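Q: Have a look at this prediction, sequence included:
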Amino acid sequence: TWGFAAATCLDQLLLAFRSGPVPPSSRLLRNPRRGVRERRRRTASVSGSRAEIHQEEISFFRPLGEIGVDFAVKMKGCQNDNADGCTEAASKPTTNSFKADDLVINPSTTLKEKPDPNGLVFGTVFTDNMLFIEWSFTSGWDVPQIKPLENLSVHPAISALHYAVELFEGMKAYRGVDGKIRLFRPRLNMDRMLRSAARATLPGFDKEELLQCIQKLVEVEKEWVPYSTSASLYIRPTLIGTEPSLGVKKPSRAILYVILSPVGPYFSSGAFNPISLWADPKYVRAWKGGTGDCKLGGNYGSSIYAQREAMELGCQQVLWLYGDDHQITEVGTMNL
């Protein structure tokens, strides 16, 4: 068992992603409604990465068609919601999908107070509204809705609760120093979400239609995107099987929903400080032929025990190993 320090570099790259000069030492940006004074700016540069990162952005002020980068991910053995006989499933839309043009928007009339961006704890505060779409085997996808955030009403026998027939994604919306809101490489998240749906036998969907629905949700909740360089709006798309049956099978009903949460740095030590990692070969998170390449809840639930042991030993995260030669595979909640 051993531990070592590793720096979190993704947030440093995101500084270059935020258009224009970026003040790493500043906390608050100008908020025209609140009159917060912007602090001294310093330009942050990441050698060789600024242009590439800007190609990956999605801005609410540009149509999707202007983005010149194709993020299609090729994958053998999965086509939409059928895992047989396809080599480029993740780049192919389904013929039976909801449409962003059909989106029904009934936002909440009771708005919550926005939190201080400097005191956010990850995943504990949520915005006023959510995206909600139902699916059934007989009727296909229902029209997408943006409606007030509310609890889900489901049968206690649904497969998501018993057999973890569910998946999720995670990405962020950032407010740049120019005031524009951008999503960081969202098409990669849509690719993986569709692959995960196929692996979990959940219904397929058109990735561009979902992305447009998500963009609209963020636009509705734009005041929840922190005016800060150290905080962002976390986007959590989720797809769950909701058939009320104890049979171990592909579900005939499902719900896709998206919730939003303003967040600060994931670790309490901050975005630019090293963290300690703990590795023990007795625990394995992903293996050949498994589901480690998909973002399924079961992958995370089974890792909590090892994560707790790591924290008891004074480490913040688990460095996961695999095989007799202890190959490094990943770190629990970050890139490696």
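A: Structure received.

Q: residue boundaries of the strands in this protein?
A: Ranges of strands in the chain, per DSSP state E, are 2-6, 57-59, 104-105, 129-136, 140-141, 145-148, 166-168, 171-175, 181-184, 232-241, 253-263, 275-279, 317-322, 327-331.

Q: do you know which of the ones you listed lies nearest residue 116?
A: strand 253-263 (9.9 Å; C-beta to C-beta). Every residue, glycine included, has its C-beta placed from N, CA and C.

Q: so what does that closest one touch, helix or strand wise?
A: Applying 3 or more C-beta pairs under 8 Å, 6 or more residues apart in numbering; DSSP states H and E, we find strand 253-263 packed against strand 129-136, helix 207-220, strand 232-241.

Q: Redo these as a markdown table? Include mean neighbour count.
A: Putting these into a markdown table (neighbours: other C-beta atoms under 10 Å) gives the following:
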| stretch | mean neighbour count |
| --- | --- |
| strand 129-136 | 22 |
| helix 207-220 | 21 |
| strand 232-241 | 23 |
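
Q: Quick check, residue 258 in contact with residue 126.
A: No: using C-beta atoms under 8 Å, residue 258 makes no contact with residue 126, being 11.3 Å away.

Q: the more surrounded of those two?
A: Just comparing residue 258 and residue 126: by other C-beta atoms under 10 Å the higher neighbour count belongs to residue 258, 23 against 17.

Q: how does the protein divide up, domain by domain?
A: By the assignment in the TED database, the chain contains the domains 100-263, 277-335.

Q: Save these as TSV, and put in mean pLDDT too.
A: Formatted as TSV, the domains of the chain follow (pLDDT from 0 to 100):
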stretch	mean pLDDT
domain 100-263	97
domain 277-335	89
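
Q: Pick the most buried one from the ones you listed.
A: The highest mean neighbour count among the domains of the chain, using mean count of other C-beta atoms under 10 Å, belongs to domain 100-263: a mean of 19.

Q: For the closest residue to residue 134 other than its chain neighbours, give me its contacts.
A: Of all residues not flanking residue 134 in the chain, residue 142 sits nearest, at 4.4 Å (C-beta to C-beta, 6 or more residues apart in numbering). Shown in contact with residue 142 (C-beta atoms under 8 Å, 6 or more residues apart in numbering): 98, 133, 134, 135.

Q: looking at it, the second one is touching residue 256, isn't it?
A: Think residue 133. Yes: between residue 133 and residue 256 there is a contact under C-beta under 8 Å: 4.5 Å.

Q: Need the overlap of contacts for those two.
A: Joint contacts of residue 133 and residue 256 (C-beta under 8 Å, 6+ apart) do not exist.

Q: Beta-bridge partners for the closest residue in space to residue 287 that isn't next to it in sequence, please?
A: Distances taken as C-beta to C-beta, 6+ apart place residue 322 nearest to residue 287, at 6.2 Å, with adjacent residues excluded. With DSSP bridges as the criterion, residue 322 is bridged to residue 327.
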